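1. Sequence and predicted model, in that order:
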Amino acid sequence: MENWSDIIFSDELSFEEKASQVFEYQLENNFVYRRYCEALGKVSSDPDSFPLLPIKAFKDTKVTTHPDDEVELVFKSSGTSDMQRSIHRVYDSNLYEESLLKGFKQFYNLNNAVIWGYTPGYADNPHSSLIYMIQKLIDQDNSGLSRFLPLDEPINPGAVKEVDRQGKQLTLFGAAFGLLDLLEIDDINLPSKSIVIETGGMKTHRREISRGELHKILAKGFNLDGSRIHSEYGMAELLSQAYAPGKWFSTVPWMQVTIRNPENPDEILPPYKEGLIGVIDLANVHSCSFLLTGDKGVMDKKGRFQVLGRWNPKDLRGCNFLIDED
């Protein structure tokens with residue numbers, strides 16, 4: 001069996017070399033992805049032509065290279081119990097945690113971080129990938145200061161002072177609507193070097209707001225400079241995350257994002273043209289690494305991207321090939 005960790009996180013292999021190995025593995029072992037590629041007539045290992053599986057497949061069928069094996073984790077997208085939710089069966093939790101921690105350290109100093117999570121709407125989902133991610137980051141802190149904040153309660157000023165007293169950097173994670181609710185309880189001054197990382201969810205129970213407007217509200221409410229309000233892009237179907245310390249998201253080295261023509265997902269759109277966000281996440285080696293999301297985005301000339309909300313839902317070409325067969 002391949003040691004996928006050594007391949008995916010290797011500094012010696014190019015992204016294209018690693019992606020080609022993952023593609024061949026998934027073509028052989030992932031029934032759903034192989035059937036999709038065969039239906040499109042694309043089974044070559046040319047990195048520029050890897051088909052992107054519509055992410056809806058995680059709702060419709062079992063997306064895995066280990067259909068008969070036990071999995072170590074199951075992530076489910078948020079939603080009510082009667083909704084059809086995406087299910088991501090994680091065969092190797094150690095590989096996921098390596099991707100999570102290596103990825104976070106690409107952007108932040110985890111050694112000096114105190115991690116707080118405020119996650120209403122996720123706390124009642126035992127299979128939330130966001131809860132799992134924040135908990136793993138909390139577990140890296142030996143100070144005892146990292147935690148999930150109690151819901152519907154104001155931030156304790158004494159806890160904030162203790163983080164500052166110990167010279168730690170406070171990092172507060174939360175979905176947009178949760179952070180806004182937290183500020184409605186009470187504004188609070190966070191230490192000036194703190195970082196607030198919003199994880200999306202712009203549609204609140206009040207209205208939908210832009211990311212720019214959200215960041216202004218959060219900066220004012222927490223009394224922070226606007227540069228201290230960051231964003232994270234992740235989802236139950238992905239085992240890697242992208243981060244935006246400013247306006248644009250950047251990926252980790254084992255993840256690649258492109259913007260695709262929604263009418264022809266094979267076509268990669270030029271910079272500054274809106275389309276569907278396509279992701280190659282090599283950490284998804286045991287499920288599917290080549291995915292077409294339902295998110296609208298745009299890319300700049302440096303390869304960074306913005307998320308512009310959900311694309312207007314429509315049946316994308318190829319979805320009819322995703323139904324599992326006996």
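-> Looks like it arrived, so ask away. Numbers count the residues shown, from 1 in each chain.
2. Show me the strands in the stretch 51-200 of the chain, by range?
-> 53-54, 73-76, 87-90, 113-118, 147-148, 169-174, 195-198 (DSSP state E, counting those that start in this stretch).
3. would you list those strands in TSV and tack on mean neighbour count?
-> Every residue, glycine included, has its C-beta placed from N, CA and C. Shown next, in TSV, are the strands of the stretch 51-200 of the chain (neighbours: other Cβ atoms under 10 Å):
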stretch	mean neighbour count
strand 53-54	25
strand 73-76	18
strand 87-90	21
strand 113-118	24
strand 147-148	16
strand 169-174	23
strand 195-198	22
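4. Out of the ones you listed, flag the one nearest residue 273.
-> strand 53-54 (20.3 Å; Cβ to Cβ).
5. which stretch among the strands of the stretch 51-200 of the chain comes nearest residue 290?
-> strand 53-54 (5.9 Å).
6. And the pLDDT for residue 80?
-> The model reports residue 80 with a pLDDT of 57.
7. Helices along this protein, start to end?
-> Counting by DSSP state H, the chain has helices at residues 4-8, 15-29, 31-40, 57-60, 93-107, 129-138, 157-165, 176-185, 211-221.
8. okay if I get the ones you listed as CSV plus distance to residue 51 and mean neighbour count?
-> Formatted as CSV, the helices of the chain follow (distance: least, Cβ to Cβ, whole Å; neighbours: other Cβ atoms under 10 Å):
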stretch, distance to residue 51, mean neighbour count
helix 4-8, 20, 18
helix 15-29, 9, 18
helix 31-40, 5, 18
helix 57-60, 12, 20
helix 93-107, 23, 18
helix 129-138, 24, 21
helix 157-165, 47, 14
helix 176-185, 32, 19
helix 211-221, 30, 17
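9. Can you redo the strands of the stretch 51-200 of the chain as JSON lines, where the extra columns are mean pLDDT and distance to residue 237?
-> Shown next, in JSON lines, are the strands of the stretch 51-200 of the chain (pLDDT from 0 to 100; distance: least, Cβ to Cβ, whole Å):
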{"stretch": "strand 53-54", "mean pLDDT": "96", "distance to residue 237": "10"}
{"stretch": "strand 73-76", "mean pLDDT": "95", "distance to residue 237": "8"}
{"stretch": "strand 87-90", "mean pLDDT": "96", "distance to residue 237": "5"}
{"stretch": "strand 113-118", "mean pLDDT": "96", "distance to residue 237": "21"}
{"stretch": "strand 147-148", "mean pLDDT": "96", "distance to residue 237": "23"}
{"stretch": "strand 169-174", "mean pLDDT": "96", "distance to residue 237": "19"}
{"stretch": "strand 195-198", "mean pLDDT": "97", "distance to residue 237": "20"}
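10. possible to save these as TSV with distance to residue 23?
-> Below are the strands of the stretch 51-200 of the chain laid out as TSV (distance: least, Cβ to Cβ, whole Å):
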stretch	distance to residue 23
strand 53-54	12
strand 73-76	23
strand 87-90	19
strand 113-118	35
strand 147-148	38
strand 169-174	33
strand 195-198	32
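11. Indicate which one of those strands is closest to residue 256.
-> Per Cβ to Cβ, nearest to residue 256 of those: strand 53-54, 15.0 Å.
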